[in-house]
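Participant: kindly generate the corresponding structure for this input.
(one chain, ligands or ions: 2)
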Amino acid sequence: MNKIEHIGIAVKDLEAANEIYKNLLGYEHYKTETVEGEGVVTSFFKCGDSKIELLEATRDDSPIAGFIEKRGEGVHHIAFAVDDIEAEVKRLKESGFRVLNETPKRGADNKLVVFLHPKSSHGVLVELCQEIKINDK
Ligand SMILES: CC[C@H](C(=O)O)C(=O)SCCNC(=O)CCNC(=O)[C@H](O)C(C)(C)COP(=O)(O)OP(=O)(O)OC[C@H]1O[C@@H](n2cnc3c(N)ncnc32)[C@H](O)[C@@H]1OP(=O)(O)O
Ligand SMILES: [Co+2]
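Facilitator: Ligands and ions are numbered 1, 2, ... in the order given. Next comes the predicted model:
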């Protein structure tokens with residue numbers, strides 16, 4: 001795990017949350033992006049070497065909708081940057097972590113992503129992120 005790639009925060013209203021985080025951080029988000037597969041629209045703020053990812057559900061069956069329904073808005077997951085997501089999945093599986101999607105899927109911000117069940121990491125949903133290189137397309 002190279003660094004914390006981003007901290008995901010579940011919000012009900014992305015536009016309103018963008019304003020608050022712009023005031024908090026002192027600068028605008030650098031992108032918004034919809035990830036159909038996850039039923040989310042996201043916005044990203046750089047923060048040093050990491051990012052803040054705000055996520056609003058675009059569908060009722062989105063994990064973000066379910067999270068907010070049960071737990072309200074707040075920190076949803078921690079994402080770590082990895083160089084070789086397949087190797088990390090293998091390592092973590094062998095170490096007993098519960099991998100939610102063994103095949104990496106397309107995430108936001110040009111990443112391949114895998115999630116680990118929160119029960120494997122003391123109640124924290126973990127996301128692994130590998131940058132998609134140009135020749136990976
Ligand atoms: C990929 C695009 C973008 C990116 O960065 O590129 C994203 O980050 S998208 C983020 C949204 N997508 C996901 O979260 C995908 C992975 N999540 C899941 O597969 C589910 O949400 C899962 C398995 C974490 C929970 O789903 P489930 O239907 O099982 O919900 P429950 O409410 O029944 O939860 C079971 C159990 O887990 C606890 N829980 C749920 N969500 C979280 C969470 N975010 N953090 C910590 N704990 C969580 C929940 O409280 C239940 O625990 P219990 O003790 O039984 O109450
Ligand atoms: Co994320």
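Participant: give me the next element, helix or strand, following the longest helix seen in the chain.
Facilitator: Using DSSP state H to define each element, the chain has its longest helix at helix 14-25. Note on helix 14-25: by DSSP states H and E, the next helix or strand toward the C-terminus is strand 31-35.
Participant: pull the CA atoms of that following strand into PDB?
Facilitator: Output in PDB follows, covering the C-alpha atoms of strand 31-35 (Å, rounded to 0.1, in the frame of the first residue of the first chain):
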ATOM      1  CA  LYS A  31     -13.400  17.100 -11.100                       C
ATOM      2  CA  THR A  32     -16.800  15.400 -10.800                       C
ATOM      3  CA  GLU A  33     -17.400  12.000 -12.300                       C
ATOM      4  CA  THR A  34     -20.300   9.600 -12.400                       C
ATOM      5  CA  VAL A  35     -19.600   5.900 -11.900                       C
END
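Participant: now do it against helix 14-25, angle only.
Facilitator: Angle of strand 31-35 versus helix 14-25, following axes from the mean of the first three to the mean of the last three CA atoms, to 10 degrees, is 140 degrees.
Participant: strand 31-35 near ligand 2 anywhere?
Facilitator: No - between strand 31-35 and ligand 2, judged by CB under 5 Å from the ion, nothing touches; the nearest distance is 8.9 Å. Heads up, the C-betas are built off the backbone N, CA and C, glycines and all.
Participant: once you drop chain neighbours, what's closest to the residue of the chain found nearest ligand 1?
Facilitator: Nearest residue of the chain to ligand 1, counting by CB to the nearest ligand atom: Gly107, 2.6 Å away. Closest residue in space to Gly107, ignoring its immediate chain neighbours: Val113 at 3.5 Å, by CB to CB, 6 or more residues apart in numbering.
Participant: just to check, the one you found is in contact with Glu131?
Facilitator: No - in this structure, Val113 is not within contact of Glu131 by CB atoms under 8 Å, at 10.9 Å.
Participant: quick one: which of the two has more around it?
Facilitator: Counted by other CB atoms under 10 Å, Val113 and Glu131 do not tie: Val113 has more neighbours, with 21 against 14.
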